[in-house]
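Colleague: Here is the input, now give the coordinates:
(one chain, ligands or ions: 2)
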Amino acid sequence: MKIVNATVIITSPDRNFVTLKLETDEGIYGLGDATLNGRELAVASYLNDHVIPCILGRDPFQTEDIWQYLYRGAYWRRGPVTMAAIAAVDVALWDIKGKALNTPVYNLLGGKSRESLLVYCHATGKDIEHALEDVARHRDLGYKAIRVQSGIPGLENPYGIAKGPGNYEPAERGLPSEHAWATEPYLRHVPALFARIRTHFGEDLHLLHDCHHRLTPIEASRLGKELEPFDLFWLEDPTPAEHQESFKLIREHTTTPIAVGEVFNTIWDAHDLIRNQWIDYIRMSVVHSGGLTHLKKIADFAALYQVRTGCHGATDLSPVTMAAALHFGTAIHNFGIQEHMPHTAETDAVFPHHYSFKDGFMHPGNAPGLGVDLDESLAAKHPYQRAYLPINRKLDGTLTDW
Ligand code: CS2
Ligand code: MG
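Modeller: Ligands and ions are numbered 1, 2, ... in the order given. As a prediction, this is how the structure comes out:
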């Protein structure tokens, strides 16, 4: 079998998605997600201008060799644009392989280690009362694990909180908006939020919280310690992770489990975090970490240190990535949890899929390959629209992490 055609399809049903479609001489095609929120066109160009010419004519079954060719052959390794482009090719190849062998991708990755995957959703509210209402709503939808974020007194529009009814969307169309951030009221508020949730909902729900990289290691240590009585499933992205050793300080101060990795691209971003057991969950995604070929190696490495997976699953990862994550999580031994931020009906219409949600768990479906498709004529009706993630500044105007 040979790859004979490759197309990059950019569509914006309600947010931007970049998809790679690889076609073979036997009429089988595969899809790979290449979406990099706010930098979508850079990956599209990387694929069109530099990758596609090199892969036409190759055998799509050679997932390992093609991965190494794109990673090593470029000379310039790593980085989100490169690794998203490699992931798109890799995932499309696994999709082709599954379809050609008439089996779901999970069977190619080790077969079923479990029947379905525990997922967590997002509950948000402009204040504690509204957050409690949203937790109740998600519990009633069947979720067993809920990430909770709430507005902070004195801060307008903090990131991660829905502005109106319905789910929140990280990116905003147009140029980046700017918001004020202050750590002091946040640190005072979050323990009060989780105290109320536990009092109200009892011990059964798994509760999670995302710090969006905004704390210093010592601030994160304090928060982790203060949240211990509320038994969190995890505290996510407590501090930026370029300096992996920052997590040592947090680990030494708190037993609250720590999750990190949605912005990582290769094993080298997480190597020290994993081998020193400074984290409990690695959140790298199929699309931003070089695809299934690389993420499988990362999961196997993490398993040696009892670190489990908790793949990023926000709406800026397309249904192709969600499908790939579910096949991956079905097969690996050290699966922990999967993030589930449901896409809108418009996105689901552009990407019809076989995966499903029921009673707090997801299932990838049993269709050959990934079990997700792209309706190209519908996709063409939704052209790209510039969109960015918001920017955060401290009250004095200094740019901060988010
Ligand atoms: C968030 C994401 O889902 C999460 O954990 O951190 O919303 C993240 O901010 C976006 O995916 C960024 O593109
Ligand atoms: Mg996050």
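
Colleague: burial of residue 92, as a residue count?
Modeller: Residues near residue 92, counting by other Cβ atoms under 10 Å, number 29. To be clear about C-beta, it is placed using only N, CA and C from the backbone, and glycine gets the same treatment.

Colleague: pLDDT wise, what is the residue of the stretch 301-402 of the chain found nearest ligand 1 at?
Modeller: The minimum distance from the stretch 301-402 of the chain to ligand 1, using Cβ to the nearest ligand atom, falls at residue 314 (3.3 Å). Looking at residue 314, its pLDDT is 97.

Colleague: residues contacting the residue nearest to it when sequence neighbours are not counted?
Modeller: Distances taken as Cβ to Cβ, 6 or more residues apart in numbering put residue 341 closest to residue 314, at 5.0 Å, once the chain neighbours are dropped. Residues near residue 341 by Cβ atoms under 8 Å, 6 or more residues apart in numbering: 121, 122, 167, 313, 314, 315.

Colleague: give me every residue that touches the first one.
Modeller: Read that as residue 121. Here residue 121 is in contact with 138, 141, 143, 145, 146, 147, 340, 341, 342 (Cβ under 8 Å, 6+ apart).

Colleague: For it, list each beta-bridge partner.
Modeller: residue 146 (DSSP bridges).

Colleague: And it, how close does it get to residue 354?
Modeller: 20 Å (Cβ to Cβ, to the nearest Å).

Colleague: what do you get for residue 217?
Modeller: According to Cβ to Cβ, residue 217 and residue 354 sit 43 Å apart.

Colleague: Name the residues that touch stretch 322-329?
Modeller: Here stretch 322-329 has contacts from 33, 91, 94, 104-106, 109, 117, 285-287, 291-292, 295-296, 299, 309, 311, 313, 317, 335, 338, 340, 343, 353-355, 362-365, 370-372, using Cβ under 8 Å, 6+ apart.

Colleague: mind redoing it with 7 Å?
Modeller: 91, 104-106, 109, 117, 285-286, 292, 295, 309, 311, 313, 335, 338, 353, 355, 362, 364, 370-372 (Cβ atoms under 7 Å, 6 or more residues apart in numbering).

Colleague: Is ligand 1 within reach of it?
Modeller: No. Counting by Cβ under 6 Å from any ligand atom, ligand 1 has no neighbours in stretch 322-329; the shortest distance is 12.4 Å.

Colleague: hang on, the earlier thing: restrict the contacts of residue 121 to the buried ones and give me that as a PyMOL selection.
Modeller: What follows is the PyMOL syntax selecting those of the contacts of residue 121 that are buried according to 16 or more other Cβ atoms under 10 Å:
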select buried, resi 138+143+145+146+147+340+341+342
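
Colleague: for the contacts of residue 121, which one is nearest residue 304?
Modeller: residue 145 (25.2 Å; Cβ to Cβ).

Colleague: any idea how far the closest one lies from residue 360?
Modeller: In terms of Cβ to Cβ, residue 145 sits 7 Å off from residue 360.

Colleague: Mutual contacts of the two, please.
Modeller: With Cβ under 7 Å, 6+ apart, residue 145 and residue 360 have common neighbours 118, 119.

Colleague: Now do the lengthiest helix in the chain: which elements does it pack against?
Modeller: Ranked by residue count and defined by DSSP state H, the top helix of the chain is helix 80-101. With contacts defined as 3 or more Cβ pairs under 7 Å, 6 or more residues apart in numbering; DSSP states H and E, the packing partners of helix 80-101 are strand 17-24, strand 29-33, helix 40-45, helix 63-72, helix 105-108, helix 291-303.

Colleague: Tell me which residues of the fourth one come out buried.
Modeller: By 16+ other Cβ under 10 Å, the buried positions in helix 63-72 come out as 63, 66, 67, 69, 70, 71.

Colleague: Just give the number of residues close to the closest residue to the first one other than its chain neighbours.
Modeller: Right, the one you point to is residue 63. Closest residue to residue 63 apart from its sequence neighbours, by Cβ to Cβ, 6+ apart: residue 93 at 4.9 Å. Using other Cβ under 10 Å, residue 93 has 27 neighbouring residues.

Colleague: Please tell me how far residue 93 sits from residue 108.
Modeller: According to Cβ to Cβ, residue 93 and residue 108 sit 11 Å apart.

Colleague: what about the helices in the stretch 301-402 of the chain?
Modeller: Taking DSSP state H, counting those that start in this stretch as the criterion, the stretch 301-402 of the chain carries its helices at 319-331, 345-350, 376-380.

Colleague: tilt between the longest one and helix 80-101?
Modeller: In terms of direction (axes from the mean of the first three to the mean of the last three Cα atoms, to 10 degrees), helix 319-331 departs from helix 80-101 by 70 degrees.

Colleague: Export only the CA atoms of helix 319-331, formatted as CSV.
Modeller: These are the backbone C-alpha positions of helix 319-331, laid out as CSV (Å, rounded to 0.1, in the frame of the first residue of the first chain):
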residue,chain,number,x,y,z
PRO,A,319,-12.9,14.7,17.7
VAL,A,320,-10.1,12.9,15.8
THR,A,321,-7.9,13.4,18.9
MET,A,322,-10.7,12.4,21.2
ALA,A,323,-11.1,9.1,19.3
ALA,A,324,-7.4,8.5,19.3
ALA,A,325,-7.2,9.2,23.1
LEU,A,326,-10.0,6.8,23.8
HIS,A,327,-8.4,3.9,21.7
PHE,A,328,-5.1,4.7,23.5
GLY,A,329,-6.7,4.8,27.0
THR,A,330,-8.5,1.5,26.3
ALA,A,331,-5.3,-0.3,25.4
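
Colleague: For that helix, what is the distance to the chain centroid?
Modeller: 11 Å (Cα atoms, centre = their mean, to the nearest Å).

Colleague: Need the per-residue pLDDT for residue 165.
Modeller: So residue 165 comes in at 67 (pLDDT).

Colleague: Does residue 194 touch residue 226 like I think?
Modeller: No. Using Cβ atoms under 7 Å as the test, residue 194 is too far from residue 226 to be in contact (8.9 Å).
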